[in-house]
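**Student:** kindly return the folded structure for what I paste below:
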Amino acid sequence: VCSSDLRDALSGPAASGRGGSITLGFETAGRGALVFDGPGHDLVVFENPFGIPGGGIFCEALIVQVSQDGRLWHEFPYRIDARFPGDSPARFQGLAGRRVVRANADAGDERYAPIAAADPAAGGDRFDLAALGLAWIKYVRLVDAGGEIEDGGAAPLWAERGADVDAVAALHHAWDPLGQARDCSAPVAVIEPSAAAPAPGEEVSLSGGASYDDRAIVFYAWDLDPDGGDFTLAPRESFRPDAVGPEARLTMPAEGSARAALLVIDRGGNTGRAELRLGSAAP
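**Tutor:** Modelled structure (predicted):
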C-alpha cells in the first residue's frame, strides 16, 4: 500500500513548512486498511535525501508518529548522535529522511527502478510497530523535525522549506474487518497486583491480563507516575507510557503509596482505564 504523490507535501503553498506535518491513512482495493505488526519492519517512509558532491547525504529529518484512531498518537523514539556531522544519516537515529530512495516506479523515467518497497534495496527509512508495542495502526503522521533539529534543510538556501515526502509504504496490511461499522463498545481495564499490601522497597508485578473486550484488546499502556496525569488524549499530542504490554512492574517507595494506571485499547480504537494505589496512603 503506498500513499504517493506527496513530494513537497510538508513545504508546498498549502503546508506550514518546517515544523509542519501531514497525516495519512491507508487503503487497499478502495477499502480502508489496517497496518499490522508483522515480521520485521512494517512501514517505509520515502523522503528525498540525496548524495552531496564530495561525500555525505543531504538529510531532512522527519519525526514519525502512528495512531489507531487519529486522536491518540504514538511517536517512534529518536535521538541525535552528536558524534556524527549533519551530513551523516547516522546522526539522525530513529528519524525518517535519512536514507536515499533507490526505487522509482515511473516507467518513463531514465532512472526507472521497479524495486518492491519490502526490499531493503529500495531505500527509505523503515519502522517496526513492535518498537511501540502496537499490534496495528490506521494512520501515520509525519512531522518535519526541522523546527527543533538542525538538518540539511537548515542551510540558508532551504531555510523556508521542509521535508519532501515521496511515499509511505505499508509492508503488512489488510482490509479493516470492521469496515464502516465502527466498534463502539469500550474495553474494560483490570489491574491485578502480585501483592495487596506490599512493603516499602518491595517490587510489585502488575498484570492487565484480566482486562476484557467484546472483540480483542490490542494495546496495553501503563502510567506509573505517582502524581498521575500522563495519559494525554488531546489531538496532536504524543503519548509516552511508562511501560507497554499486559505486564508491568514498580518498586514501592520508602514512604507513602505507589500508583499504577492502565490504559487498554481495542481494535476499534476505544479505550478503557483502571487505576490502583498501593501502600500506606492507599484507600
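**Student:** show me where the stretch 151-283 of the chain has its strands.
**Tutor:** In the stretch 151-283 of the chain, the strands defined using DSSP state E, counting those that start in this stretch lie at 167-170, 173-175, 192-193, 203-207, 217-223, 243-244, 247-251, 257-266, 271-279.
**Student:** now the second one: mean pLDDT?
**Tutor:** Along strand 173-175, the predicted local confidence has a mean pLDDT of 73.
**Student:** hang on, the earlier thing: least reliable of the strands of the stretch 151-283 of the chain going by mean pLDDT?
**Tutor:** Across those, strand 173-175 gives the lowest mean pLDDT, at a mean of 73.
**Student:** could the strands of the stretch 151-283 of the chain go into TSV alongside distance to Trp136?
**Tutor:** For glycine as for every other residue, the C-beta is placed from the backbone atoms N, C-alpha and C. Converted to TSV, these look like this (distance: least, C-beta to C-beta, whole Å):
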stretch	distance to Trp136
strand 167-170	11
strand 173-175	9
strand 192-193	26
strand 203-207	23
strand 217-223	6
strand 243-244	14
strand 247-251	20
strand 257-266	10
strand 271-279	15
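**Student:** dump these to JSON lines, plus distance to Gly25 and mean neighbour count.
**Tutor:** As requested, those are exported to JSON lines (distance: least, C-beta to C-beta, whole Å; neighbours: other C-beta atoms under 10 Å):
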{"stretch": "strand 167-170", "distance to Gly25": "10", "mean neighbour count": "24"}
{"stretch": "strand 173-175", "distance to Gly25": "11", "mean neighbour count": "16"}
{"stretch": "strand 192-193", "distance to Gly25": "36", "mean neighbour count": "15"}
{"stretch": "strand 203-207", "distance to Gly25": "34", "mean neighbour count": "16"}
{"stretch": "strand 217-223", "distance to Gly25": "18", "mean neighbour count": "24"}
{"stretch": "strand 243-244", "distance to Gly25": "23", "mean neighbour count": "17"}
{"stretch": "strand 247-251", "distance to Gly25": "31", "mean neighbour count": "16"}
{"stretch": "strand 257-266", "distance to Gly25": "18", "mean neighbour count": "22"}
{"stretch": "strand 271-279", "distance to Gly25": "20", "mean neighbour count": "17"}
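**Student:** which one, of these, ends up nearest to Val143?
**Tutor:** If you check each of these against Val143 by C-beta to C-beta, strand 167-170 wins as the nearest, at 13.2 Å.
**Student:** output the below-cut-off pLDDT ranges for the stretch 101-250 of the chain.
**Tutor:** By pLDDT under 70, the low-scoring segments of the stretch 101-250 of the chain are 147-148, 150-162, 175-183, 228-240.
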